[in-house]
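# Return a 3D structure for these sequence lines:
(4 chains)
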2 protein chains.
Amino acid sequence: MKTETKRGRPRKFDEDKTLDQIMQVFWKNGYAATSLDQIAEATGLNRPSLYAAFGSKKDMYLTIVDRFADRMHTYLGAAGARTTGVKPRLKFILAAAIDLYTGQTELNGEPYGCLAISTLQTEAVQDAEFREALDAVIARMDKGIASLIRHETQGSMGETELKEAAQHLALILHGLSIRARAGESPEVLKALAESAVDKIVPTTSES
Amino acid sequence: MKTETKRGRPRKFDEDKTLDQIMQVFWKNGYAATSLDQIAEATGLNRPSLYAAFGSKKDMYLTIVDRFADRMHTYLGAAGARTTGVKPRLKFILAAAIDLYTGQTELNGEPYGCLAISTLQTEAVQDAEFREALDAVIARMDKGIASLIRHETQGSMGETELKEAAQHLALILHGLSIRARAGESPEVLKALAESAVDKIVPTTSES
DNA sequence: AGTTTTTTGTACCGTATCGCATAAAAATAG
DNA sequence: CTATTTTTATGCGATACGGTACAAAAAACT
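Next comes the predicted model:
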């Protein structure tokens, strides 16, 4: 029942791949400065097809923001799973984020920073929906880091202290995204990130 | 010789006040999403007058970015001069920045964050001039904080350690700007800022 | 008063924008 | 083979955009 052959003319494009192409355009130019013609050119589709598949420009953008947050979540999660201990794991995660921000990964070969921080932020004041989306991305980041610290420290840190450290690290991460977009090198950013982790996360017995 | 009466028809507007009005528009909407019609409406001028006085839209924006950086510099400098000691001064500065970011000052009654971080950043990838301007703003921030720390610690910190701490604080500040634009309250941000200073700046004998 | 200089206001130009209407194309269902 | 469904492609349509031409207006200079 799931591979029911569809009735009409088949699509010429792969939806997933197309969304990735759209993401690149928004990531580079932001929301306001991106035109549907640019997206059409990047995807090889024409505007009516885009509209039929993904809705309005705003719909597309919000879809892309979610998609980016998901990608980021899994990507950073995988990076943090490559070692153990609070500080090592956090350092791995920050380093992976910096690689992404500076265009060292296959997800994005250009130094565009974090899509949400770089582009969604600008629109957040004009449009409540955008602001909520930004807030959601930030909250997700906070929670992700907090749960990692909570898991690794196993009650040796108080919950409020822990959440605060997580927010500090998220602040750092967002600052690093900005510098990546400003053209700073991954090496400099990684050095900053490492020392930031050392300062922000208290040294426990096992680390 | 300085108050030479000018030859032609006198201007109906005050240039300084007009630039402030233009700044508000760019601060709220960013560069791409701001139209000259919006600026014309906000200032009460028409487009030809705007163009004659301030040049193209891009010229205006770059002028405004510089203006904002200058304002920020004097505003934060004054805030940091209201007390003594590294940490107290830094905390005053961060608190003042948060007030500005969240719209608690007369400079801006709306929670728009930092103009450069909030709006310039998005354009930084497309246009090299914008990227350089962003880089300049960041570098200026780094140097400002570093010189404050240097002055207050009087050689008790190494120069590289000092610069690193300054960059950490700048990262934090930029992260706070983002959260301000996302709608976070000044109280929460100030609590975060205070603890961040405590963690990032080493506790010396006199503080 | 008449000339010159500068600013203002209206109106325009070419282009770009988003979204959609409409018809051709490509598949399945009967 | 015909009807139906879905996607593609062309193209329109109304609006918005940045920038400027041009003439009227308002001041000083002669």
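# near DNA strand D, which residues of chain A?
Counting by C-beta under 7 Å from any atom of the strand, the positions of chain A adjacent to DNA strand D are A:6-13, A:45-49, A:52-53. Yep, even glycine has a C-beta here, placed from its N, CA and C like the rest.
# Mind checking which of those residues are buried?
The neighbour-count criterion (16 or more other C-beta atoms under 10 Å in any protein chain shown) marks A:45, A:49 among these as buried.
# can I assume residue A:182 is in contact with residue B:136?
No: judged on C-beta atoms under 8 Å, residue A:182 makes no contact with residue B:136 at a distance of 9.4 Å.
# Give the residue from these two that has the larger number of neighbours.
Set residue A:182 next to residue B:136 and count neighbours by other C-beta atoms under 10 Å in any protein chain shown: residue A:182 wins out with 25 against 15.
# got the phi/psi numbers for the more buried one?
Dihedral angles phi and psi of residue A:182 (degrees, to the nearest 10) take the values phi -80, psi -10.
# Next up, the contacts around it.
Residues counted as contacts of residue A:182 (C-beta atoms under 8 Å, 6 or more residues apart in numbering or on different chains) are B:121, B:124, B:131, B:134, B:135, B:138.
# same question, residue A:64
A:19, A:22, A:23, A:26, A:115.
# Show me where chain A has its helices.
A:15-29, A:36-43, A:47-54, A:57-80, A:86-101, A:115, A:121-123, A:128-153, A:159-181, A:186-200 (DSSP state H).
# Check the gap between the closest residue to DNA strand D within chain A and residue A:15 for me.
The minimum distance from chain A to DNA strand D, using C-beta to the nearest atom of the strand, falls at residue A:8 (1.9 Å). Using C-beta to C-beta, to the nearest Å, residue A:8 is found at 16 Å from residue A:15.
# Pull out the buried residues from the contacts of residue A:64.
For the contacts of residue A:64, a burial check counting by 16+ other C-beta under 10 Å picks out A:19, A:22, A:23, A:26, A:115.
# Which member of those is positioned nearest residue A:80?
Nearest to residue A:80 among the buried ones among the contacts of residue A:64 is residue A:115, at 19.8 Å by C-beta to C-beta.
# Quick check: closest non-adjacent residue to the closest one.
Spatial nearest neighbour of residue A:115, excluding adjacent residues (C-beta to C-beta, 6 or more residues apart in numbering or on different chains): residue A:68 at 4.4 Å.
# Can you get me a residue count around the one you found?
Neighbour count for residue A:68, taken as other C-beta under 10 Å: 21.
# Now for it: which residues touch it?
Shown in contact with residue A:68 (C-beta under 8 Å, 6+ apart): A:23, A:27, A:115, A:116.
# if we go to 10 Å?
Taking C-beta atoms under 10 Å, 6 or more residues apart in numbering or on different chains, we find residue A:68 in contact with A:23, A:26, A:27, A:107, A:108, A:114, A:115, A:116, A:119, A:120, A:137.
# Compile these into TSV and extend it with columns for pLDDT.
TSV is the format used below for these (pLDDT from 0 to 100):
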residue	pLDDT
A:23	98
A:26	98
A:27	98
A:107	90
A:108	92
A:114	98
A:115	98
A:116	98
A:119	98
A:120	98
A:137	98
